[in-house]
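>>> Fold the following, please.
(chains A and B)
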Amino acid sequence: MDIKVTEHKRVMVVEVHGRIDSSTAAEFDQAVMDLIEQGKKNLVLDLSDVEFLSSAGLRTMVSGRKAVQPSGAIKLAGPSQRVKDTLEIAGLDVLFESYADRESAVGSY
Amino acid sequence: MAQRSLTIRAELDQINRICQAVESSAVEAGLDERAAYAFQLAVCEACENIVVHGYSDRARGQIQVDISVRPGELRVELRDTAPAFNPARVEASPPSPSDDPPVGGLGLYILQKVVDEIRYDRRQGENRLVLTKRKSEAAD
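This is a model prediction of the structure:
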């Protein structure tokens, strides 16, 4: 798994490539939680190139969402079909606003 | 019926080997891509549960895996020597998306939601979990 963090118009974009599973979730968790601890509360997760997302990754997304509320949000940019499937199976798809691409997710803030 | 077996050390970074074997077997069984992914995810959650909660801090053991492929059906048998635990008997409630969903129990919820049949028994100090996924009629 590779993670790249960039800033676009005061929105932090976390771009993830590969698998978010039980062996890589700690790295994903650290990337997201580090931003929140730095006071960055408007986040976009670009999960368009994520080929696997397990409950270990969902836990970070749900915990992160709770940590940025009520002033901030975690939004999704172009989630892959597999990311959408995991969210839907877990019944958590309604928690995260999803946009077709990064530009529209960033622009929504 | 095609069969394949593998044994992994009960470590988180080994679980992906099982996921990959399940995914390729799912294709052989004729499951569509989304069903194959869902089943791969469920098996991964079951394995993570064994590693994190089953073996816990005890001396790490192994997970033995037998995958059976039949036309339209995939069966995965997981065996481990962690303390007895039957994931089919745990009542995993759906997370409540409206407020503040609990993050615990998600893996078991996914497992129970995706798998068509879960069988568990304990024999001679060994947990045996059999997970079956069938091709849906709609996928034909």
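
>>> ok, the closest residue to residue B:31 other than its chain neighbours - contacts?
Among residues not flanking residue B:31 along the chain, residue B:135 sits closest, at 5.5 Å (C-beta to C-beta, 6 or more residues apart in numbering or on different chains). C-beta: built from backbone N, CA, C; applies to glycine. By C-beta atoms under 8 Å, 6 or more residues apart in numbering or on different chains, the contact list for residue B:135 reads B:29, B:30, B:31, B:32, B:35, B:72, B:73.

>>> Identify the farthest-apart pair in the residues you listed.
Among the contacts of residue B:135, the pair separated by the greatest distance (C-beta to C-beta) is B:32 and B:73, at 13.5 Å.

>>> contacts for the helix or strand containing residue B:107?
Using DSSP states H and E, residue B:107 maps to helix B:106-114. The contact list for helix B:106-114, computed with C-beta under 8 Å, 6+ apart, reads A:54-55, A:58-59, A:86, A:89-91, B:38-39, B:41-42, B:45-46, B:48-49, B:87-88, B:90, B:92-95, B:118, B:131, B:133.

>>> Ok, stretch A:26-38 next?
By C-beta under 8 Å, 6+ apart, stretch A:26-38 touches A:1, A:3, A:5, A:12, A:14, A:16, A:20, A:43, A:45, A:57, A:59-61, A:63-64, A:67-68, A:74.

>>> For the residue found closest to residue B:81 once you drop the neighbours it is linked to in the chain, grab phi and psi.
Spatial nearest neighbour of residue B:81, excluding adjacent residues (C-beta to C-beta, 6+ apart): residue B:61 at 4.9 Å. Backbone torsions of residue B:61, given as degrees, to the nearest 10, read phi -110, psi -140.

>>> okay, now residue B:61: neighbour count?
Using other C-beta atoms under 10 Å in any protein chain shown, residue B:61 has 15 other residues around it.

>>> give me every residue that touches it.
Neighbours of residue B:61 in contact, by C-beta under 8 Å, 6+ apart: B:10, B:55, B:80, B:81, B:82.

>>> Next one: the last one from residue B:51, what distance?
When C-beta to C-beta, to the nearest Å is the yardstick, residue B:82 and residue B:51 sit 9 Å from each other.

>>> Quickly list what's touching both of the two.
residue B:10.

>>> Compare the two and say which is more crowded by neighbours.
Legend: neighbour count by other C-beta under 10 Å for residue B:82 and residue B:51, higher for residue B:51 (24 against 20).

>>> Correct me if wrong: that one contacts residue B:10.
Yes: between residue B:51 and residue B:10 there is a contact at 4.9 Å, judged by C-beta atoms under 8 Å.
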